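# Model the structure of this input:
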Amino acid sequence: MQHYIGIIHKDKKSDYGISFPDFPGCISAGRTLDDVRSSGEEALAFHVRGMTEDGLPIPAPSSLEKAMRNPDFRDGVAVLVPLRELDKAVRVNITMTEETLRAIDVYAEQHGLTRSGFLQVAAKKALKEEAA
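As a prediction, this is how the structure comes out:
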């Protein structure tokens, strides 16, 4: 299994964010360090799946030295994120109130997630809490 460097960062008054030097535009967020690592792993897998489906080459993981030479990443904390296979995504049709849907969309946009990504993270969190 390959591992890619994720850079965790946090600004005042915000959740933790994670970005990937090898995949510009691949970002995610979480309220805690555990949440951001988990959501970052999912974001990386989704991003790579999309690149694969589009026929784009997947870069080899960069070295830590190369990643940290970028001034945008010097204030962050580097972590290794495994690139794992995703379960096949399945399209579903759900019903909810417009108010809830708007709130989900606003939250997801503010945290660098898609609506589907937010719903998946929220569902996994609820299932994890239920199992505990």
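
# show me where pLDDT drops low in this protein?
86-88 (pLDDT under 70).

# try 90
1-2, 11-14, 31, 46, 49-56, 64-75, 84-92, 107-126, 128-132 (pLDDT under 90).

# Now the lengthiest strand in the chain - C-alpha only, CSV.
Ranked by residue count and defined by DSSP state E, the top strand of the chain is strand 3-10. The C-alpha trace of strand 3-10 is given here as CSV (Å, rounded to 0.1, in the frame of the first residue of the first chain):
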residue,chain,number,x,y,z
HIS,A,3,1.4,6.3,1.5
TYR,A,4,1.2,10.0,0.6
ILE,A,5,2.2,13.0,2.6
GLY,A,6,-0.7,14.9,4.0
ILE,A,7,-0.2,18.3,5.5
ILE,A,8,-2.4,19.1,8.5
HIS,A,9,-3.0,22.8,9.2
LYS,A,10,-5.3,24.8,11.5
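
# List the contacts of the lengthiest helix in the chain.
Longest helix in the chain, counting residues (DSSP state H): helix 33-53. For helix 33-53, contacts defined as CB atoms under 8 Å, 6 or more residues apart in numbering pick out 4, 6, 8, 15-18, 20, 23, 25-30, 57-58, 79, 81-86, 112-113, 117, 120-121, 124-125. In this view, the C-beta of every residue, glycine as well, is placed from N, C-alpha and C.

# repeat for stretch 22-32
Residues from elsewhere that reach stretch 22-32, judged by CB under 8 Å, 6+ apart: 4-5, 14-20, 36-40, 42-44, 47-48, 51, 59, 61-62, 67, 111-113, 117, 121.

# That one: which residues count as buried?
For stretch 22-32, burial by neighbour count (16 or more other CB atoms under 10 Å) applies to D22, F23, C26, I27, S28, A29, G30.
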